[in-house]
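# Okay, predicted coordinates and the sequence, questions at the end:
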Number of protein chains: 2
Amino acid sequence: MTEKGEDRALEEFPVEMTTSRLRLTPLDPDRDAVGLHAAFGDPEVMRWWNHPVCAGEADTRERLREGAGRTGAHLWTIRPVDGDEPAGMVGLLGGVEVPGLTWILRKDAWGRGLAAEAAGAAVRHALHGLGLAHVEAWVEAANDRSLGVARRIGLTERGRLAQRYPHREHPHEMIVLGRAGGAEPATVLGAEAVLPVRDVAARLTLLRAALGGRTLFSVGDPPQVAGVGFGPWSVGPRLRLEATRRWRVARVTLCLDVGTTFEALHRRAVAAGADIARPPAETAWGTREFVLRLPEGHRVVVAAPA
Amino acid sequence: MTEKGEDRALEEFPVEMTTSRLRLTPLDPDRDAVGLHAAFGDPEVMRWWNHPVCAGEADTRERLREGAGRTGAHLWTIRPVDGDEPAGMVGLLGGVEVPGLTWILRKDAWGRGLAAEAAGAAVRHALHGLGLAHVEAWVEAANDRSLGVARRIGLTERGRLAQRYPHREHPHEMIVLGRAGGAEPATVLGAEAVLPVRDVAARLTLLRAALGGRTLFSVGDPPQVAGVGFGPWSVGPRLRLEATRRWRVARVTLCLDVGTTFEALHRRAVAAGADIARPPAETAWGTREFVLRLPEGHRVVVAAPA
């Protein structure tokens, strides 16, 4: 589709690419839907996808058109170098804030490293052809196969978030993996809200019991400053408690994204005797939330996808 | 040192382990210092270490004793299966909050995958022998070789933090990589402080210009709620701005850990005309900090290792 030297076109359209075993051509929904329906119509292949199994070729065609039509989308159909039958699709999603990779393979193409071969070519095109500063992929935490693909093509974990697909009953945890084109921009590594409290030790105990917090550090006896972390690692979401003698303190609101543990955390908070200022409820902006209130009035909003 | 079946001893002492090419025996600083000094006395090997090159065998012995003496330390000397000369050291650090891996190899043992072979055995021992729920390794962001080792033994990035070693002039960025023994505990995925402000759009502009923030979302026109993220990824440190009509608002303090970009961020904040309520200064707790104040009185403490 693109001739060498057409630099402008490189930025706007997918370019045909060849790897040792694969030929990637710009996705053409009308031409490729019949072949790609072998993937989009297969429940096993679609297990991790963000929409249900496509009911027929027309449905697959409509989904492909919708994806290809989003601003910034660069999608290729994957074929064997010596064949015409589509084996899958790979590329960059459109309509996203951060450039995001996507890939799918028919089941009969699994197990030979073809996804990594195709997605690796897409990454090189994104970082070197298009000159993007970084690309990422969102992979469900339980999807070991795709996590392996992402890691083989040089993407490393950057964090996690929770999502709920409309066709699924429960939210799930996504791992966000990323790769930068050049030296990674040094940047802000962490953000930690400070909650002034009258009794640091008591609030530590409450946050541990109610929300599974972990004491990161504690200064003074009785403690005057303490760090509370969530999760088992040395990094991750955290807050700081600082002792104050004022009776009226500035009330801080802190939102915690808890993904799949929402119900369990609510039960835990109730069992710990926490002051639940607002019981679990769906919000207008697509989350479920409950509010835990500390004695000083600070509000910890515990949220998950609805 | 430990006989099979001594389950109790397994929990308390390192056990001898053999891999296809290596024999790992509990570190004995008196016996092993001479051999290990080939690593601890080599500037190239010590480039990433948290203390300077050891001046002589006595210095190496002292460092090894100090490390082995820390509570919870499990350190092994690495030898070839068919030799007695130490090739390096591997194990779990003592005196740390989260179980942490360490490894070092003499330069003449590099390039053959021996570090991953030894560290992989240490990980298996930690997770299956000792039954630890998780282990992590802190690797300098520029240390590609050790990042490769960590990833080959199944550790994945969990976040980043900044450190400054006493013998170095500048702080550096560490990648924290971790591996869990079983299913990873679902947990809090993110924490986001809410800053009530009178003009969301103006504060967005300021945080973008002064601190390199990125608009994650913005609701309303003019915006009533907006998310500000730091760094290029869909995940990472963030805060939320919410419109308020009150003139007096609760003043929130938020601490940002900026690691190696401290000076550059300060220059950027000054150039953006931000209100610097406190210029850069060293604190009693080992950091350098400056404070950026928003018109509502919110304080953004920008911090890095001193």
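Perfect, I can see it now.
# residues contacting the residue nearest to A:R246 when sequence neighbours are not counted?
Excluding its sequence neighbours, the residue lying closest to A:R246 (Cβ to Cβ, 6 or more residues apart in numbering or on different chains) is A:P196, at 7.4 Å. (C-beta placed from N, C-alpha, C; glycine too.) The contact partners of A:P196, by Cβ atoms under 8 Å, 6 or more residues apart in numbering or on different chains, come to A:E242, A:A243, A:T244, A:R246, A:V249, A:A250, A:V252, A:E296.
# Excluding residues flanking it in the chain, which one is nearest A:P29?
A:P29's closest residue in space is A:L64 (Cβ to Cβ, 6+ apart), at 3.8 Å.
# residues in contact with stretch A:111-121?
Stretch A:111-121 is touched from outside by A:17, A:19-22, A:24, A:76, A:78, A:87-88, A:90, A:101, A:103, A:105, A:137, A:146, A:148-150, A:152-154, with contacts defined as Cβ under 8 Å, 6+ apart.
# pLDDT averaged over the helix or strand harbouring A:V34 - what is it?
Of the helices and strands defined by DSSP states H and E, A:V34 is found in helix A:29-40. Here helix A:29-40 scores 97 as its mean pLDDT.
# And that helix, what's buried?
For helix A:29-40, a neighbour-count test (16 or more other Cβ atoms under 10 Å in any protein chain shown) marks A:P29, A:D32, A:A33, A:G35, A:L36, A:H37, A:A38, A:A39, A:F40 as buried.
# For A:A209, see how far away the fourth one is.
When Cβ to Cβ, to the nearest Å is the yardstick, A:G35 and A:A209 sit 56 Å from each other.
# Same question for the third one.
Distance, A:A33 to A:A209, using Cβ to Cβ: 54 Å.
# rewinding a little: quick one: strands adjacent to the strand or helix carrying the residue nearest to A:R246?
A:P196 belongs to strand A:190-197 when assigned by DSSP H and E. The pairing partners recorded for strand A:190-197 under DSSP bridges are strand A:238-243 (parallel), strand B:253-257 (antiparallel).
# Need the mean per-residue confidence for that strand.
96.
# mind exporting that strand as CSV, just the C-alpha atoms?
Taking Å, rounded to 0.1, in the frame of the first residue of the first chain, the C-alpha atoms of strand A:190-197 are listed here in CSV:
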residue,chain,number,x,y,z
GLY,A,190,4.7,7.9,43.1
ALA,A,191,2.0,10.1,44.6
GLU,A,192,1.0,9.9,48.2
ALA,A,193,-1.8,11.8,50.0
VAL,A,194,-1.2,13.0,53.5
LEU,A,195,-4.1,12.5,56.0
PRO,A,196,-3.7,14.6,59.2
VAL,A,197,-5.1,12.5,62.1
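# Any buried residues in it, and which?
So for strand A:190-197, counting by 16+ other Cβ under 10 Å, buried means A:G190, A:A191, A:E192, A:A193, A:V194, A:L195, A:P196, A:V197.
# Looking at those, spot the one nearest B:V301.
Taking Cβ to Cβ as the measure, B:V301 lies nearest A:V194 of the buried residues of strand A:190-197, at 8.0 Å.
# Tell me the gap between the strand holding A:P196 and the middle of its chain.
25 Å (Cα atoms, centre = their mean, to the nearest Å).
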